[in-house]
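Asks: what would the 3D arrangement of this be:
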Amino acid sequence: MIVLGIDPGSLRAGFGVVGEQGGRLHALAEGVLRPRADWPLERRLAHLHEEVRRLLQSYAPDVVAIESVFHGVNTRSLVTLGQARGAILAALGARTGLLIELSPAEIKKSVTGGGRAGKAQVAHMLGVLFGPEWRARQAQSRHSADATDALGVALAGLHRSRALQAKGSGESVAESAGTTPAITAAARGVPRKPSSRAQRQALLRRLALRSEVVPGSSRLDPPRGG
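Replies: This is a model prediction of the structure:
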């Protein structure tokens, strides 16, 4: 399964792509969409819409997860954030597949087990789950916290989608504890067998795209002529 996570914003929108293969988690890509600050709002929104469409075409995610509006920000920022989310949701609405909206507390709880965890705790847990290769990549990366936050959104979306699948198949789901079988298995290193060999082979082919799609820093450049 491949999940695209988005941390929305009108000036910086983080994105993260997470894959699960045989119970192992892979951080396939992360980056930040950065419309130019001197662009008018409508152009920034159009840019976000187009770049999200590019992400969908590039990674073909099975699930997309997006952080919901946080009510603690001031009214003006809340309106602008809502407009940015609207532009992103408009791009997402053109695709088929599961769309999951998650509150900041839900994301933190899914990743760390606690809904009040700070950014440092979230980043630390992501490093534990994704392993030393990702930690080394992060140490050399110029990405802001928005990209790391988006990986957390993607991971929480993965856990939620697995929980929904388990409910649909009649399996028990450990949602009351704030975690799902997927995160428990990943954290303990317990393999989670794919549902079919064909699905596993397809996932392997898609995970191989990690070195081919959005090269370099995974940061998508603004459209030319701006």
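Asks: strands of this structure, start to end?
Replies: For the chain, the strands identified by DSSP state E occupy 2-7, 13-21, 24-33, 63-67, 98-102, in order along the chain.
Asks: of all those strands, which lies closest to residue 78?
Replies: Each of those has some distance to residue 78 by C-beta to C-beta; the shortest is strand 63-67, at 13.4 Å. For every residue, glycine as well, the C-beta is placed using N, CA and C.
Asks: contacts for that closest one?
Replies: Judged by C-beta atoms under 8 Å, 6 or more residues apart in numbering, the contacts made with strand 63-67 from elsewhere in the structure are 1-8, 56, 85, 88-89, 92, 95, 97-104, 107, 149, 153-154, 156-158, 160-161.
Asks: out of the strands of the chain, deepest packed?
Replies: Counting by mean count of other C-beta atoms under 10 Å, strand 2-7 has the highest mean neighbour count of the strands of the chain, with a mean of 27.
Asks: next up, the contacts around residue 1.
Replies: Neighbour list for residue 1: 19-20, 62-63, 158, 161-162, 203 [criterion: C-beta under 8 Å, 6+ apart].
Asks: go again using 6 Å as the cut-off
Replies: Residue 1 is in contact with 20, 62, counting by C-beta atoms under 6 Å, 6 or more residues apart in numbering.
Asks: can you give me the buried ones in the longest helix anywhere in the chain?
Replies: Across the chain, the longest stretch assigned as helix under DSSP state H is helix 145-169. Judged by neighbour count using 16 or more other C-beta atoms under 10 Å, the buried positions of helix 145-169 are 146-163, 165-166.
Asks: next: stretch 52-63.
Replies: 52-53, 55-56, 58-59, 61-63.
Asks: of all those, which comes closest to residue 135?
Replies: Sorting the buried residues of stretch 52-63 by how near they are to residue 135, with C-beta to C-beta, puts residue 59 at the top with 22.3 Å.
Asks: okay, the residue nearest to that closest one when sequence neighbours are not counted: pLDDT?
Replies: Leaving out its chain neighbours, the residue that sits closest to residue 59 by C-beta to C-beta, 6 or more residues apart in numbering is residue 17, at 5.3 Å. Note for residue 17: predicted pLDDT of 94.
Asks: now the one 10 residues further on
Replies: At residue 27, the predicted lDDT confidence score is 91.
Asks: and if you look at the one 10 residues further on?
Replies: Looking at residue 37, its pLDDT reads 93.
Asks: and the residue nearest the centre of the chain, how far from residue 19?
Replies: Averaging the C-alpha coordinates of the chain gives a centre point, and the residue nearest to it by C-alpha atoms, centre = their mean is residue 5 (1.8 Å). Distance from residue 5 to residue 19, counting by C-beta to C-beta, to the nearest Å: 12 Å.
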